[in-house]
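Engineer: Sequence plus the predicted model coming up.
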Amino acid sequence: MSFFPQSFSLPHLASIVLTLLSGAAVTFLRLRASNRPTTLRKIIIPPIGMSTGFLMFAVPETHVPWLWAIAAFLVGAVLFSYPLIRTSKLERVGNDIVLKRSKMFIFILLGLLTVRLLIHDLVERSVSIPQTGALFFVLAFGMIVVWRIAMLQAYLKIKRGEAK
């Protein structure tokens, strides 16, 4: 049994290309935001904005078993957030708090994108496309929430003057 499908359909190829383009855009935006002042609002708004994606579950085709959703959330929260947390560091620069990214950050983002694409193909073999999208949304939400909570803790620590 081959890891990759025998034939790629046009929708499948379009999905891969769209994912790669989206990943490249996110990587570009993340790198552009490096070393710019951050605020409490900039840390907490992305997960709040992303939470509106849970409205997809109003559509029955996206429903997945609770255990699958919990597993997807935990994979994002535990495995995928860890490299982002380790390669993102908040520092005080004058009166501002800035996000300093490790030189490895871009490679971590590209690695996570690659792993996501590989896992996506495996998951898509077992569940429908809408369910696959739902599971990967929950995974991404788990990753973002945990990463942003870690950033929020670091931000508040610096604001209180407890960090170096």
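Structural biologist: It's in. Keep in mind that what you see is a predicted model, and the values were worked out from it rather than measured.
Engineer: From now on I want contacts and neighbour counts done on CA atoms only, so please keep to that.
Structural biologist: Fine.
Engineer: Contact partners for the residue most central in space within the chain?
Structural biologist: In the chain, the centroid-proximal residue (Cα atoms, centre = their mean) is Ala140; its distance is 4.2 Å. If a contact means Cα atoms under 8 Å, 6 or more residues apart in numbering, then Ala140 has Phe73, Gly76 as its contacts.
Engineer: Does it lie in a helix or a strand, and which?
Structural biologist: Taking DSSP states H and E as the criterion, Ala140 maps to helix 129-159.
Engineer: So which bits of that helix are buried?
Structural biologist: For helix 129-159, the buried set under the neighbour-count rule, 16 or more other Cα atoms under 10 Å, comprises 130-148, 150-152, 154-155, 158.
Engineer: what does the model give the nearest residue to Arg36 once chain neighbours are set aside for pLDDT?
Structural biologist: Distances taken as Cα to Cα, 6 or more residues apart in numbering place Val98 nearest to Arg36, at 5.5 Å, with adjacent residues excluded. As predicted, Val98 sits at a pLDDT of 90.
Engineer: Name the spans of this protein whose pLDDT lies under the cut-off.
Structural biologist: Along the chain, the parts satisfying pLDDT under 70 run over 1-9, 12, 15, 23, 26-27, 29-35, 163-164.
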